[in-house]
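Sequence first, predicted model second:
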Amino acid sequence: MRYIVLIFIFISLAFTVEQFNSDQRLQMPYKKEGLSEREAVEHLLSRLSFGARPGEVEKALAIGLEKWVQQQLEHSLPGAALEKKLSGYDALALDNETIVNTYLNAGQVVRMMQKNGTLSKDSMAKLEKADYRKDLLKLMQEKGLKLPQELNRQLVAQKLIRAVYSENQLQELMTDFWFNHFNVSVTKGQSQPYVLTYERDAIRPHTMGKFESLLKATAQHPAMLYYLDNASSGSDNNEMNQRIKKMVPANSKLKKTAGLNENYAREVMELHTLGVDGGYVQADVTEVARALTGWTVRPMMKDGYGERLAKMQQSRLGKNMATTEGDFLFLAVRHDQQEKTVLGKKYLSNGGLNEGLEVLHQLATHPSTATFICKKIATRFVCDTPSATLVAAMADVFTKTGGDIKQTMIAMLNSREFWKKEVLRSKIKSPFELVVSAIRATNADLRNAYQLNDWCTRMGQKIYSYGAPTGFPDKASFWVNTGSLLNRMNFGLAIAAQRIPGVGMNLLGLNNNHEPESVEDALQTYSAILLPGRNQKENISRLTTLVRDEALQARLDKALASTQPPTSIEEDKLGAGDMMGDAMTPKMGKGKDKKTPPMETAVSGQVAHVVGIIIGSPEFQRK
Amino acid sequence: MTNRRAFMKSGAMAVFATGLGGIPSFIAATAGERKIIPPYKKTKTLVCIFQRGAMDGLMAVTPYNDPNLKLLRPGLYMSPAQTEGQLFDLDGKFGLHPSLGSLSPYFTEGRMAVVHGVGSPNKTRSHFDAQDYMESGTPNSKNTPSGWLNRAIGLTGHEATPFSAVSLTAALPRALQGDHDALAINNLEEFVIQMRGNPLAGNMAANSFEQLYDQTSNQLLKQSGKESFEAMKMLDLKLANNYTPAPGAIYPNSPLGKSMKQIAMLVKMNIGMEVAFAESGGWDTHFNQGTTNGSFARNLKDFSDSIAAFWKDMAGYQDEVTVMTMTEFGRTVHQNGTGGTDHGRASCLFVLGNDVQGGKVYHKMGALDKASLEDNRDLPVTTDFRSVFASVAKKHLNVVDTAKLFPGYEGDMLYL
């Protein structure tokens, strides 16, 4: 009998393990926390999307909670509107080689043209003069060359457009989350050309997959290799290297000692995997750096040594010296061949490229990593200070599923903590989230996305430009400070008054073209549209007394009626002059907006005022 | 934050805010003649200017007697002896670039000091890393969450105001990030709730927002909202709109000139600013650096004229203000193949103030022969930047606990 019980226990244990390997069931315990289905959907839309569009709560209710979440986790909903919006952005599909040979700064162009004789040597001295710059830009246009700023504009614009229009909202949030986790920055010049493909190729495809794939893809991408300097890290502990050094003359560049750079090795443990208290010491940093020596970037500039390298790789010796995998280059001659010990694990000598991959595997599967990553995900999606219990539950799933991000997300949604009343609306939107949610909530038409970059910057989030490898901190106190808060309020007023070029809004249309009867009515109507499910009493009760003052209202009507909206809004016409809207670039192809904004009446002015106040209100800052 | 709350509770701000009427009359008074006794303690204002891109210290302040310099950078070498665009001889060894002409009187008067051979013990030649290290103040640790100027605010030993630390930049620089509140204001005129062309609606919106933020159940939003509106009321934008600098103070119409002008306004508004931060760009002179003319000279002139205009504008306030400049590293001693210089190690910095022991070039610089250079190419770092930053913070901001300001630093202090 006892045996039978034991066997039974054994079988059921095996069964649980088995269950973990297959998919967990999505079982969201919102009812246990006292939420209605509608409240649960409202919470989901504020956490797993960039905020609800009008009518989206009802839509999700119709689809069904669980199905809606499943769709988001699978992120394969079609999006014709998104594709159309992105179609003008020609850089989005380019590969790294094309990018680095197309987007050049003026200095690079001059040097390139001096080299091939197109420009005379003394031309450098003239570079400062305005007319010379004009000539230079003309020349660039003839040669099909573009400025790096233009690449950056497309990068920023696509992020905004996807966040606003993608049906796969969670996928966009996760892309944002993982990019920030494995942060790179356009402020580092060497890294800048590769940031676009970094997000596209290293982050986006893996957002809901295995953590280790994400880690490997980022480690081998040029943006990261340059950003954290691993591209320049090398070692002399290498036989081939020593032999070459003996062969070449004393003054050869090849005599130079290759130096170890620990930058990436430290950050990959501290920020990407184990966390600062994850149990590594300085010696581990050095050992990881040694294991990753020789990990660098394939030369891609047309006038660089790319051709020579390619030729060299055709010989047998060359093959051994350098391996390319896409744009990642493993230079065996720069790799430290001696043995290493990382976190107590021994790596035998001559490990080659594989050694670095094994080290990444070791880090990805380390218990500290599971905790560190799950805490970060919970902080992003649940609250600024998730409980240790929640993190442990998620880490358990993370470990048992081999770092499966989707399964970890399900574990989070299945927890009661995600649905707790004190968690609802407790997170503060980042400036980027505020901007995107305002456009979504008002069903605005984004015609020139890049225009919103300035506002994100003013509110404290210069997209793709956070210099430090930590990424933007994910806590309310970072976003809410004296200066940025006023800018959030001004953003609300500006966007609702249609003072941000490139964003079109039809506020009356939001309310089926019913004109509100009073300011009070407008407040109530638009609060319900923009903040579905929020307690309106808290939001507007005291305001109502203010706007009821009839004399004030009359003065306001008059004042608003006399304010004119901007007369023309530039359309997104890319590839033409708009994308190069710098002072130094001649403007061309600037299309005037066909849809002239409606004449502003006292009523629409009032509505804009009310909507501006709602978007700038504390309630709208919360998610 | 705690300091701030205590300050708010004391009601000092409310008194000051209702006394706003004092400011317009104060505008009428020209620079520095009248002083309001502020309801808080303030030691001084330290104005930091970060020269991003790595200034060539050897060209700004040239050790012109060293024969190696002429050999290594023949196209960039300048001296006090040349007939045109000569250096301003400081002490028989160092010469000031002619573009720094507007600052040279302060050196002569003993109010400006130069520190040469200054830099970071961390040998990185990456702008990004070196700036990060210099701003966090921890050259060996990249993940220090706060910047040194933010820590300085917490170490002054008295309560802060919303304007204790202000950066005249769009985003808060690394140096000012941290636990203590710091403001980033790109343009003072933007520090207001505004509806362009409709001030009445702007006022009404501000009222509505103030009420809404006062009612919210989210404490952080409530508190920050309160502080925002109080700070907004403290700032009198009429001053910004109708500002007339002191006689002789002519600011260049450049980003740095505009920043310095706004810092002057904030100092004169007497709102408790102790740290001000501004940036100057364009120092990464890899090609065509030029000597008396060219990109470097032009940039240096803008730098010099912006500081000089600020100093003149500070007329009656000069005793309360210290200016310190900084740059992430210096540039190669030799010139490169494109008429410029590449990333190097040590550079120089300037400290200006009435109680600065100026008129002197502080340095431990040796000969510039190749063998004496760092990695055979760069001016070695002989003075740790922290030895200067710490002493300036101690003397001018009254920061006693410099070990907390620069954790891990055990070196000497260079008193100026």
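That came through fine.

the strands in the stretch 251-400 of chain B, which residues?
B:275-280, B:321-327, B:347-352, B:360-362, B:383-384 (DSSP state E, counting those that start in this stretch).

quick one: which of the ones you listed is nearest chain A?
strand B:275-280 (12.9 Å; C-beta to the nearest C-beta). The way it works is simple: take the backbone N, C-alpha and C, and place the C-beta from them, glycine included.

For that closest one, enumerate the helices and strands it packs against.
strand B:45-51, helix B:148-154, strand B:165-167, helix B:255-269, helix B:295-313 (3 or more C-beta pairs under 8 Å, 6 or more residues apart in numbering or on different chains; DSSP states H and E).

Same list (these) but as JSON lines, adding mean pLDDT.
Shown next, in JSON lines, are the helices and strands packed on strand B:275-280 (pLDDT from 0 to 100):
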{"stretch": "strand B:45-51", "mean pLDDT": "97"}
{"stretch": "helix B:148-154", "mean pLDDT": "94"}
{"stretch": "strand B:165-167", "mean pLDDT": "93"}
{"stretch": "helix B:255-269", "mean pLDDT": "94"}
{"stretch": "helix B:295-313", "mean pLDDT": "97"}
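
Quickly compare the strands of the stretch 251-400 of chain B and say which is most buried.
strand B:347-352 (a mean of 26; mean count of other C-beta atoms under 10 Å in any protein chain shown).

other SSEs contacting that one?
helix B:57-60, strand B:112-119, helix B:295-313, strand B:321-327, helix B:385-397.

Next secondary structure after the first one?
Okay, so that is helix B:57-60. With elements assigned by DSSP states H and E, the helix or strand that comes after helix B:57-60 is strand B:61-62.

Listing partners with orientation, what would you give for that next one?
Using DSSP bridges, strand B:61-62 pairs in its sheet with strand B:95-96 (antiparallel).

which residues touch the helix or strand following the partner strand?
Where DSSP H and E defines the elements, the next helix or strand beyond strand B:95-96 is helix B:104-108. Outside of helix B:104-108, the residues that reach it under the criterion C-beta atoms under 8 Å, 6 or more residues apart in numbering or on different chains are B:Phe88, B:Leu90, B:Leu96, B:Met112, B:Val114, B:Ala308, B:Trp311, B:Leu352, B:Gly358, B:Gly359.

which one of those residues is nearest A:Ala80?
Nearest to A:Ala80 among those, counting by C-beta to C-beta, is B:Ala308 at 60.1 Å.

what's around the closest one, how many residues?
Neighbours of B:Ala308 under the rule other C-beta atoms under 10 Å in any protein chain shown: 24.

Run a quick check on it versus B:Leu103, I expect a contact.
Yes. With contact defined as C-beta atoms under 8 Å, B:Ala308 counts as touching B:Leu103 (5.6 Å).

residues near the residue nearest to A:Gly34 when sequence neighbours are not counted, how many?
Closest residue to A:Gly34 apart from its sequence neighbours, by C-beta to C-beta, 6 or more residues apart in numbering or on different chains: A:Lys421 at 7.0 Å. Per other C-beta under 10 Å, the neighbour tally for A:Lys421 reads 11.

now the one 4 residues further on
With neighbours defined by other C-beta under 10 Å, the count for A:Arg425 comes to 21.

Tell me which two of the contacts of helix B:104-108 sit farthest apart.
Taking C-beta to C-beta, no two of those sit farther apart than B:Leu90 and B:Trp311, at 18.2 Å.

Could I get the pLDDT score of residue 3?
In the absence of a named chain, chain A is used. pLDDT recorded at A:Tyr3 is 60.

was after chain B, sorry
Value for B:Asn3, per-residue pLDDT: 40.

re the thing from before, I'd like to know which of the helices and strands packed on strand B:275-280 is closest to B:Ala81.
Closest among those, using C-beta to C-beta: helix B:295-313, at 18.3 Å.
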